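Student: sequence first, predicted coordinates after that:
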Amino acid sequence: MSVIRIQGLQRLYGEIRIQGSKNAVLPVMAAALLHAGVSVIRNVPGIRDVFCMIAILEALGCKCRLEGHDLTIDTRGLCMSKIPEDKGRQMRSSVMLFGPLLGRLHKVDACYPGGCSIGRRPIDLHLSALQQMGARIRADEERVEAYAEELHGEEIRLPFPSVGATENIIMAAVAAKGITRIHGAAREPEIEVLCRFLEAAGAKIHGIGSGLLEIHGGRKLRDTEFAMPGDRIVAGTYLGAVMAAGGEVCLLGVPAGHMEKTLAVAEQAGCIVKAEDGRLFAKMKGRPKAVNLATGPYPDFSTDLQSVMLAVASVADGESRIRETVFEERFATAGELKKMGADIRIEQGTALIRGRYPLKGAVVRARDLRGGAALVVAGLAAEGESRVHGCFYICRGYEDICRDLSAAGAKISLKED
Ligand code: EPZ
């Protein structure tokens, strides 16, 4: 088992290139199934979730080739509608294959999707929308089977702007006959990326970027080449690293236009940020100031950066308040941060953090992807050595967190235990 070792209290200076976006590439890989042909996706991050999705697509009969960061998916051989159980359980995004598989093969058979333990994560919104579009669904605690001779356009009203459900419905709607409108759609930038990819392949979608999407289904799609944007959550993580450790770093390939709330919180913490031509300059003198924030669907502050901000707030000057409104169990990292000396109290969905600087190096364990990255960030502001176990989770979404932070001078390495 591997462990990340960090020697803390080293300020960061240098440049870090930001990898392609995980949460954009996974639905785009699923959407490639909608067209019997070849899609080329560029700037694909070399992360575990991408490798897992490739393995699923191959098990379904597709051919995938990943060369560097270019991924070619040939879906002409798609013939299986059963998502392999071991892979499906590893990754929440396997649910994203339901819409495209129903569209192409008229059926799907899958176990309940897995993923990080950050809350209950039901898939009722996905299933009820697919049902409204003509799918017959049989589901029990373990498995879901769905059939649809033909999906049809529908007026779908989402009671909550679920990112995954919006993406699934968009894909099903592209394959469906007629017009689908999604009222209350999620507006995360990754949904816009999915829509742009589908448009490039010949789909017709109105209202991209808004909460009301109109998809004209049944159009013939074509081969396409498409590049992924930089990962705004990875960029936000490294911005958090600069806030916690101090220093001056330039992040390259950053979609700063989609990081407004993150940049506002960084400024609240006393970090000087400047975005220019895909670069984000961040300068942090001394300790961060206390922050006050609440997570929420985009354009609100991303829940994916909540744990990282918990680490930053742990070393801030003053008392911070962080309210989580999206995933009920996303404060699990607080327990590990406490082992490093953090003073965190959780009260009804809000973390109250009394900052202490520095933290103390400790042996801690990642329990989910972003929580794991947050422990690394905390290690940068801790005296002595910290060891982060559970690196498996971090590799799901970060191509090489040690390589990236070392590029800015951090003393960090991945070691076999
Ligand atoms: C996506 O997950 C992201 N994953 C998550 O990224 C991210 O945290 C989340 O959106 C919110 O921004 C990918 O894009 C692959 P949701 P998703 O459906 O689609 C409830 C990361 O660290 N809900 O918007 O699963 C759900 O329980 C991660 O990169 C239902 O009740 O998120 C949650 O409370 C992890 N029923 C809320 O909605 C449903 O059918 C938001 O979930 C679906 C969701």
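Tutor: Yep, that arrived.

Student: did I read that right, I182 in a helix?
Tutor: No. Counting by DSSP: H, G, I helix; E, B strand; the rest coil, I182 is not part of a helix but strand.

Student: residues touching the closest residue in space to it that isn't next to it in sequence, list them.
Tutor: In space, I182 comes closest to L213 once its chain neighbours are excluded; the distance is 4.5 Å by Cβ to Cβ, 6 or more residues apart in numbering. The C-beta positions use only the backbone N, C-alpha and C, and glycine is treated the same way. Applying Cβ atoms under 8 Å, 6 or more residues apart in numbering to L213 gives the contacts 166, 170, 181-182, 185, 195, 205-207.

Student: check V312 too.
Tutor: Contacts for V312 (Cβ under 8 Å, 6+ apart) come out as 240, 243-244, 269, 288, 291, 377.

Student: number of residues surrounding the residue of the stretch 151-300 of the chain found nearest the ligand?
Tutor: Closest to the ligand within the stretch 151-300 of the chain is G164: 2.7 Å, counting by Cβ to the nearest ligand atom. Residues near G164, counting by other Cβ atoms under 10 Å, number 23.

Student: before we move on, the earlier item: weed out the non-buried ones from the contacts of L213.
Tutor: Applying 16 or more other Cβ atoms under 10 Å to these, the neighbour count classes 166, 170, 181-182, 185, 195, 205 as buried.

Student: now I353, what's its secondary structure?
Tutor: strand.

Student: for it, what are its contacts?
Tutor: 290, 310, 313-314, 316, 319-322, 342-345.

Student: what does H35 give?
Tutor: Contacts of H35 by Cβ under 8 Å, 6+ apart are 75, 201, 221-224.

Student: picking up where we left off before, with distance to E276 added, can I get the buried ones among the contacts of L213 in TSV?
Tutor: Listed next are these as TSV, based on distance: Cβ to Cβ, whole Å:
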residue	distance to E276
T166	31
I170	32
R181	38
I182	35
A185	31
C195	27
I205	31
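
Student: can you pick out the most distant pair from these?
Tutor: R181 and C195 (13.9 Å; Cβ to Cβ).

Student: related to what we said a few turns ago, mind listing which of the contacts of L213 are in strands?
Tutor: 181-182, 205-206 (DSSP state E).

Student: near the ligand, from those residues?
Tutor: Among the ones in strands among the contacts of L213, no residue sits close to the ligand (Cβ under 6 Å from any ligand atom).

Student: just give me the closest of those residues to F98.
Tutor: I182 (15.5 Å).

Student: quick one: buried residues of the worst-scoring helix or strand of the chain on mean pLDDT?
Tutor: The weakest-scoring helix or strand in the chain, judged by mean pLDDT, DSSP states H and E, is helix 85-90 (a mean of 90). Within helix 85-90, the residues that count as buried by 16+ other Cβ under 10 Å are 87-90.

Student: any idea which of those residues is closest to D49?
Tutor: Q90 (8.3 Å).

Student: that closest one contacts C52, correct?
Tutor: Yes. Counting by Cβ atoms under 8 Å, Q90 does reach C52; the two are 5.4 Å apart.

Student: re earlier: for the ones in strands among the contacts of L213, give me a markdown table that also has distance to L60 and pLDDT.
Tutor: Rendered in a markdown table, the data for those read as follows (distance: Cβ to Cβ, whole Å; pLDDT from 0 to 100):
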| residue | distance to L60 | pLDDT |
| --- | --- | --- |
| R181 | 29 | 98 |
| I182 | 26 | 98 |
| I205 | 25 | 98 |
| H206 | 30 | 98 |
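
Student: now the residues you listed as a markdown table including distance to V249?
Tutor: Converted to a markdown table, those look like this (distance: Cβ to Cβ, whole Å):
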| residue | distance to V249 |
| --- | --- |
| R181 | 43 |
| I182 | 38 |
| I205 | 37 |
| H206 | 40 |
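
Student: ok, back up a step: can I get the least confident helix or strand of the chain in PDB, CA atoms only?
Tutor: This file holds the C-alpha atoms of helix 85-90, laid out as PDB (Å, rounded to 0.1, in the frame of the first residue of the first chain):
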ATOM      1  CA  GLU A  85     -20.100  -5.300 -11.400                       C
ATOM      2  CA  ASP A  86     -16.600  -4.800 -10.000                       C
ATOM      3  CA  LYS A  87     -16.000  -1.700 -12.100                       C
ATOM      4  CA  GLY A  88     -19.500  -0.300 -11.600                       C
ATOM      5  CA  ARG A  89     -19.200  -0.500  -7.800                       C
ATOM      6  CA  GLN A  90     -15.900   1.400  -7.900                       C
END
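
Student: give me the helices and strands touching the helix or strand just after it, please.
Tutor: Heading C-terminal from helix 85-90, the first helix or strand you meet, by DSSP states H and E, is helix 98-105. For helix 98-105, the packing partners by 3 or more Cβ pairs under 8 Å, 6 or more residues apart in numbering; DSSP states H and E come out as helix 22-31, strand 107-111, helix 124-132, strand 143-147, helix 163-175.

Student: got the ones you listed as CSV, with mean pLDDT columns?
Tutor: Formatted as CSV, the helices and strands packed on helix 98-105 follow (pLDDT from 0 to 100):
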stretch, mean pLDDT
helix 22-31, 98
strand 107-111, 94
helix 124-132, 97
strand 143-147, 94
helix 163-175, 98
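
Student: and of these, who's closest to R65?
Tutor: For R65, the closest of the helices and strands packed on helix 98-105 is helix 22-31, at 12.8 Å, according to Cβ to Cβ.

Student: list the strands paired with the helix or strand following that closest one, with their directions.
Tutor: Per DSSP H and E, helix 22-31 leads on to strand 38-42 as the next helix or strand towards the C-terminus. In the sheet, strand 38-42 lines up against strand 70-74 (antiparallel), strand 224-227 (parallel) (DSSP bridges).

Student: can you list the residues of the stretch 301-417 of the chain near the ligand?
Tutor: Close to the ligand, as judged by Cβ under 6 Å from any ligand atom, the stretch 301-417 of the chain has residues 303-304, 326-327, 369-370, 397.

Student: could you single out the nearest of the residues you listed to I123?
Tutor: The closest of those, once distances to I123 are taken by Cβ to Cβ, is F327, at 14.5 Å.

Student: the closest one: neighbour count?
Tutor: 19.

Student: where does the stretch 1-150 of the chain dip in pLDDT?
Tutor: Scanning the stretch 1-150 of the chain for pLDDT under 70 picks out 115-120.

Student: the domain parsing of the chain - what is it?
Tutor: 2-19+230-416, 22-227 (automatic domain parsing).

Student: residues in contact with the spatially closest residue to L34 that is not a sequence neighbour?
Tutor: Among residues not flanking L34 along the chain, P100 sits closest, at 5.0 Å (Cβ to Cβ, 6+ apart). Contact analysis of P100 by Cβ under 8 Å, 6+ apart lists 30-31, 33-34, 171-172, 175.
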